[in-house]
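Peer 1: the sequence and its predicted three-dimensional model are supplied below.
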Amino acid sequence: MRKYNGLMNPQIQIEFDRAAQARAKNNEGQARVCARRAAGIAIRDFLTRHGTHIPSISAYDLLNLIKGEPLLPPDLKLIADHLTLRVTEEFKLPVEADLVAEARLLCDWLLNN
């Protein structure tokens, strides 16, 4: 992750901490929300550093936007796709994926490129 005075971006770290707390309470839905928000923060940072003006849009919209980014490797586009999947009526993802772990990979790449 991009470091600020030796620390990870504080906003992203807060979201991953919230995701861990939600998981500890068996609230996977909230953990997914936090993972998406962390990714949204990293996407906004990445696009801003690459000269793209970002309107105030949701993390979900930013995830859909980043899927079209030519610099983003295909495996990370798949992660962005996972982060935008709708859950089933049973509140489960339609794929096997750990969105928190995947969001960490996406954030790491975005903040370091």
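Peer 2: Sure, I can see it.

Peer 1: longest helix anywhere in this structure?
Peer 2: Ranked by number of residues, the top helix in the chain under DSSP state H is helix 28-49.

Peer 1: elements contacting that one?
Peer 2: Counting by 3 or more C-beta pairs under 8 Å, 6 or more residues apart in numbering; DSSP states H and E, the packing neighbours recorded for helix 28-49 are helix 10-24, helix 59-66, helix 74-83, helix 99-112. No exception for glycine: its C-beta is placed from N, CA and C like everyone else's.

Peer 1: just how off-centre is that helix within its chain?
Peer 2: Taking C-alpha atoms, centre = their mean, to the nearest Å, the mean C-alpha location of helix 28-49 is offset from the chain mean by 3 Å.

Peer 1: identify the residues contacting stretch 41-55?
Peer 2: The contact list for stretch 41-55, computed with C-beta atoms under 8 Å, 6 or more residues apart in numbering, reads 2, 9, 11-12, 15, 59, 62-63, 65-66, 71, 106-107, 110-111, 113.

Peer 1: can I get the helices and strands packed on helix 28-49 in TSV with mean neighbour count?
Peer 2: Shown next, in TSV, are the helices and strands packed on helix 28-49 (neighbours: other C-beta atoms under 10 Å):
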stretch	mean neighbour count
helix 10-24	17
helix 59-66	19
helix 74-83	18
helix 99-112	20
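
Peer 1: that concludes my questions; thank you for your assistance.
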